[in-house]
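Trainee: mind folding the following:
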Amino acid sequence: MIRVVLVLVTLVTAFHVFAQFLWIAPASALRELVPGHLLYSWQIPWFGQSWSVFAPDPINGNYHFKVRAIVQDGSGPARMTQWIDATDAEYELQHHKVLQPRAAALASEQATDYKGAWDDLNDGQKAIVSAGWFEGDSWKGDLETALRKAAGGNETAEAAASKFISANAFTLAYATQAARAVWGDDVVFVQVDIYRQNIIPFAKRHEPGAQLPPKQEAPTGWRGLFTLPGQSQEAFAKVFRPLAEPQLQGDGFATDDSATEPKDSRRDATPSPAPQTDDEKEQD
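Mentor: Numbering: from 1, shown residues only. Predicted coordinates for the structure are as follows:
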């Protein structure tokens, strides 16, 4: 029995070392030795790592994932909440902690994915994302259709749309859980404010009046609620709410009620259909 255990431990250790090598090394055909998505599933979320903390391109900025919501409890007009920074809330899980949970970086990682996907969109697609999409039952599908349509048949833009649609789904699912964790089940709409904030360049850190560079934002309009299968609202709220509560001022709602009725502005942002060719007109 002991031999069997030792053999299994040796095999697992050998595979783990090999997986680390494949994951950290530049992408190559060697990764095909691991079938399917096994390598990714093995590494993420527990063993993910990279060399991005080292020169020549070390990490030089932070990603932020902020959330606010519209709450309608039926007893009065809808109210807009304050912003909460989910990244700052989760960082409390690792502040002065030797053993840091993976949950301490979920919002940061999702903000990174979302901002990267947004950066790859063309100008028309970015305008679509910045608009409000939340009316009706098909708002999410309509948003995704509009993004693909705005690609205009360009393969690069179509790939960017697909990448963003995936990142957007996880982002909305997280935002929905975060908003409900803080403001309850009466949340009806959510909005995210995701951006990268670079640090002061090393060479300028001691200059008088040195300021952080401008935020690199990914403007995003109001959205309806969205959840993914397997999400546990109860478990998430149990961990997240105590972390976010210190950020709230007063009752957690915005003092300026001028924006409590978000506008579904999809029609303003959706590009007009391309003009039909003569052949297409004849087919119609």
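
Trainee: can you pull out the strands in the stretch 1-150 of the chain?
Mentor: Using DSSP state E, counting those that start in this stretch, the strands of the stretch 1-150 of the chain run over residues 61-71, 79-80, 84-85.

Trainee: so which of the ones you listed gets nearest G152?
Mentor: strand 61-71 (29.6 Å; Cβ to Cβ). Bear in mind the C-beta positions are built from the backbone N, C-alpha and C, glycine included.

Trainee: so which elements touch the closest one?
Mentor: Judged by 3 or more Cβ pairs under 8 Å, 6 or more residues apart in numbering; DSSP states H and E, strand 61-71 is in contact with strand 79-80, strand 84-85, helix 86-91, helix 106-119, helix 155-183, strand 187-198.

Trainee: return the distance of it from the chain's centre.
Mentor: 10 Å (Cα atoms, centre = their mean, to the nearest Å).

Trainee: that one: partners in the sheet, and parallel or antiparallel?
Mentor: strand 79-80 (antiparallel), strand 84-85 (antiparallel), strand 187-198 (antiparallel) (DSSP bridges).

Trainee: export that strand to CSV, keeping only CA atoms.
Mentor: Extracted C-alpha coordinates of strand 61-71, given in CSV (Å, rounded to 0.1, in the frame of the first residue of the first chain):
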residue,chain,number,x,y,z
GLY,A,61,-0.2,49.3,-12.7
ASN,A,62,-3.4,48.1,-10.8
TYR,A,63,-6.7,47.1,-12.2
HIS,A,64,-9.9,48.2,-10.5
PHE,A,65,-13.4,46.7,-10.6
LYS,A,66,-16.1,49.0,-9.3
VAL,A,67,-19.8,48.2,-9.1
ARG,A,68,-22.9,50.2,-8.5
ALA,A,69,-26.6,49.3,-8.8
ILE,A,70,-30.1,50.5,-9.2
VAL,A,71,-32.4,49.2,-6.4
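
Trainee: now W23: closest residue in space, sequence neighbours ignored.
Mentor: Spatially, and ignoring its direct neighbours in sequence, W23 is nearest to Q43 (5.1 Å; Cβ to Cβ, 6 or more residues apart in numbering).

Trainee: quick one: the one you found and A19 touch, right?
Mentor: Yes. Between Q43 and A19 there is a contact at 6.5 Å, judged by Cβ atoms under 8 Å.

Trainee: re earlier: would you format the strands paired with strand 61-71 as CSV with distance to L39 and mean pLDDT included?
Mentor: CSV is the format used below for the strands paired with strand 61-71 (distance: least, Cβ to Cβ, whole Å; pLDDT from 0 to 100):
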stretch, distance to L39, mean pLDDT
strand 79-80, 44, 92
strand 84-85, 33, 96
strand 187-198, 28, 94
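
Trainee: in TSV, list these along with distance to R241.
Mentor: As requested, the strands paired with strand 61-71 are arranged in TSV below (distance: least, Cβ to Cβ, whole Å):
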stretch	distance to R241
strand 79-80	18
strand 84-85	10
strand 187-198	13
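
Trainee: now those in a markdown table, with distance to H64 and mean neighbour count?
Mentor: Output for the strands paired with strand 61-71, formatted as a markdown table (distance: least, Cβ to Cβ, whole Å; neighbours: other Cβ atoms under 10 Å):
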| stretch | distance to H64 | mean neighbour count |
| --- | --- | --- |
| strand 79-80 | 19 | 20 |
| strand 84-85 | 6 | 21 |
| strand 187-198 | 6 | 21 |
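
Trainee: out of the helices and strands packed on strand 61-71, deepest packed?
Mentor: Among these, helix 86-91 has the highest mean neighbour count (mean count of other Cβ atoms under 10 Å), at a mean of 22.

Trainee: what lies in contact with it?
Mentor: 62-67, 103-108, 111, 174, 178, 240, 243-244, 247 (Cβ atoms under 8 Å, 6 or more residues apart in numbering).

Trainee: stretch 158-175 too?
Mentor: With Cβ under 8 Å, 6+ apart as the criterion, stretch 158-175 contacts 65, 67, 86, 106-107, 110, 113-114, 116-118, 120-122, 125, 129, 140, 143-144, 147-148, 150-151, 190-192, 194, 223, 225-228, 231.
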